[in-house]
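**Student:** Generate a structure from the sequence data that follows.
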Amino acid sequence: MDKDEFSRRVLEAESSLYRVAKTILRRDEDCADAIQNGILHAFQKIDTLRDVRYFKTWLTRIVINECYQILRQEQRQIMSNGSEPTVQENYTIEEESMVLQEFRRLPEQYRIPIELHDIEGYSVKEIGEMLSLTETNVRNRIFRGKKILRKILEGVI
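**Tutor:** Just a heads-up that it's a prediction; the model follows:
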């Protein structure tokens, strides 16, 4: 894959990468960092991509790893400072729908597979590869996450 094709494919995946990063990190600054670092690592390791057809899946996995790296760094800073983390939400109740607010409160293990499957359109198999889960585990997490969300919304609405 040459530099121009790499750039084109990155631009095609950009909005999807942002939504996935936002699901994990929530802060725009952290999302931008994760995506930039992910793209840089992908470019440096392009020779490890086995099949160009799976470029977007491969790149998404790299960005997910970068998101987790940022979370680990923040956790280390919190531990070394001895202070409590501060949550800076970039949205208000007026800006977000009730469903989206509750969706963001779902545990990450359910939120990410639902985001990748229902919003980004990845197959269960691709999600399993990205998250190092079996297809059955991915299906279960999607099912359980939706069930939890449904129960929460029934109590709220």
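
**Student:** The longest helix along the chain packs against which elements?
**Tutor:** Criterion DSSP state H: the longest helix present in the chain is helix 55-81. Secondary-structure packing of helix 55-81 (3 or more Cβ pairs under 8 Å, 6 or more residues apart in numbering; DSSP states H and E): helix 3-25, helix 28-44, helix 124-131. Every residue, glycine included, has its C-beta placed from N, CA and C.

**Student:** for the first one, what is the average pLDDT?
**Tutor:** This means helix 3-25. The pLDDT scores in helix 3-25 average 91.

**Student:** Contacts for it, please.
**Tutor:** Residues from elsewhere that reach helix 3-25 (Cβ atoms under 8 Å, 6 or more residues apart in numbering): 1, 28, 30-31, 34-35, 38-39, 42-43, 46, 55-56, 59-60, 63-64, 66-68, 70-71, 104, 108, 111-112, 115-116, 119-120.

**Student:** re the thing from before, out of the helices and strands packed on helix 55-81, deepest packed?
**Tutor:** helix 124-131 (a mean of 19; mean count of other Cβ atoms under 10 Å).

**Student:** by how many degrees do that helix and helix 55-81 diverge?
**Tutor:** Counting by axes from the mean of the first three to the mean of the last three Cα atoms, to 10 degrees, helix 124-131 points 40 degrees away from the direction of helix 55-81.

**Student:** could you give the mean pLDDT of helix 124-131?
**Tutor:** Average pLDDT, helix 124-131: 90.
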